[in-house]
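J.: Predicted model and sequence below, questions to follow.
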Amino acid sequence: MPQLDTSTWFTTIMTMLPTLYLITQLKLLNTNHYQPPPTKNSNLQSHGIRWQPKWTKTCLPLSQPQQS
Amino acid sequence: MNENLFTPFSTPTILNQPATIPIILFPAMLVLTSKHPINNRLATIQQNLTQLILKQMMMTHNAKGQTWSLMLMSLITFIAMTNLLGLLPYSFTPTTQLSMNLAMAIPLWTGTVMVGFRFKTKNSLAHLLPQGTPTPLIPMLVVIETVSLLIQPVALAVRLTANITAGHLLMHLIGNAALALSTTNFSLTLLTSTLLALLTVLEIAVALIQAYVFTLLVSLYLHNNT
């Protein structure tokens, strides 16, 4: 069985050691995992603002009957 | 016949130089690293896979065990890429070499045992005796448990070697048989469909990497926690 031929064992082991412990680990360390950008929470506005009645007159002038 | 069958497993040489060096180094080159926040599809797939595997594997460990996460991630990446690349025709799979698997298994297993001995000496020694054994059986059971502990690295290495080698051998044999029978068209379809089915089943070589890393994980977990 050619796997039991120990003449090549040194080469194989010596190549595997830096590959596994150095190169693969460095590659995995250099991948940046970016978090998805945080979404802005836009729900606070509808909770904070209450419609004030004086705005209805100002904001909807066409709804008022013409006083002339 | 014997010589022909096993020649794919002898370490390849090009002009008498060992070609195993670039062959072993090559799968690590396939791991993409990029600094962009948004990558192309291949890099994104790789990153997502890495994160998925990392979370799955490291969830069961406490903080001390999670310091091993880089080592285990690089282990599973290396073995998975090597095995998958070995499925291509005429390629050489380094994990069929017993030397490499022994050199991977023995230091890692020894590391887990050392961690267990150093930080939880009484607990790790207590593993040598299962609970609730009758007193006369204790010496024999300690010997049995020690042997089963010492055989773990050898089992890890030989399991990986034997599985990959056997799969490759089977594919060679069936392919040769299909080729030889191609003159009579009748058996060809049966054999090639068997070969294809075996190939897809052999892509459960990836499951073998899981088996490797998981058995390593199990021993690490046991030595660390309980």
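T.: The structure has been received and is ready for your questions. Being a predicted model, the structure only gives us computed values, none of them experimental.
J.: I'd like to check which residues are in contact with residue 28.
T.: Just so you know, I chose chain A. B:31, B:50, B:70, B:73, B:74, B:77 (Cβ atoms under 8 Å, 6 or more residues apart in numbering or on different chains). Heads up, the C-betas are built off the backbone N, CA and C, glycines and all.
J.: Actually, chain B is the one I wanted.
T.: A:19, A:23, A:24, A:27, B:78, B:81.
J.: just residue B:150 next, same as before
T.: Per Cβ under 8 Å, 6+ apart, neighbours of residue B:150: none.
J.: separation between it and chain A?
T.: Using Cβ to the nearest Cβ, to the nearest Å, we find residue B:150 at a distance of 21 Å from chain A.
J.: Look at residue B:39 and say how many residues are nearby.
T.: 18 (other Cβ atoms under 10 Å in any protein chain shown).
J.: Quick check: phi and psi on the nearest residue to it once chain neighbours are set aside?
T.: Using Cβ to Cβ, 6 or more residues apart in numbering or on different chains and skipping residues adjacent in sequence, the residue nearest residue B:39 is residue B:47, 7.1 Å away. The phi/psi pair for residue B:47 (degrees, to the nearest 10) reads phi -60, psi -40.
J.: Tell me which residues touch residue B:47, please.
T.: Here residue B:47 is in contact with A:31, A:33, B:39 (Cβ under 8 Å, 6+ apart).
J.: so the second one sits in a helix?
T.: No: assessed by DSSP: H, G, I helix; E, B strand; the rest coil, residue A:33 does not belong to a helix; its assignment is coil.
J.: gap between residue B:119 and chain A?
T.: In terms of Cβ to the nearest Cβ, residue B:119 sits 23 Å off from chain A.
J.: Does that residue touch residue B:62 like I think?
T.: No: if you go by Cβ atoms under 8 Å, residue B:119 and residue B:62 don't touch, sitting 11.4 Å apart.
J.: Compare neighbour counts for the two and give me the winner.
T.: With other Cβ under 10 Å as the criterion, residue B:119 and residue B:62 differ in neighbour count, and residue B:119 comes out ahead with 12 against 9.
J.: Tell me, what's the model's pLDDT at that one?
T.: pLDDT, residue B:119: 81.
J.: Give me the residue ranges of chain B where confidence is low.
T.: For chain B, the stretches with pLDDT under 70 are B:1-3, B:128, B:187, B:203, B:206-207, B:210-211, B:214-215, B:217-219, B:221-226.
J.: Strands along that one, start to end?
T.: Applying DSSP state E to chain B gives strands spanning B:13-14, B:17-18.
J.: Determine how far the first one lies from the middle of the whole chain.
T.: Spelled out, that is strand B:13-14. Here strand B:13-14 shows a centroid-to-chain-centroid distance of 26 Å under the convention Cα atoms, centre = their mean, to the nearest Å.
J.: Identify the single longest helix in chain B, thanks.
T.: As assigned by DSSP state H, the longest helix anywhere in chain B is helix B:152-180.
J.: meant to ask about chain A
T.: helix A:9-18.
J.: Report all helices and strands that that one contacts.
T.: Where contact means 3 or more Cβ pairs under 8 Å, 6 or more residues apart in numbering or on different chains; DSSP states H and E, helix A:9-18 is packed against helix B:20-29, helix B:98-119.
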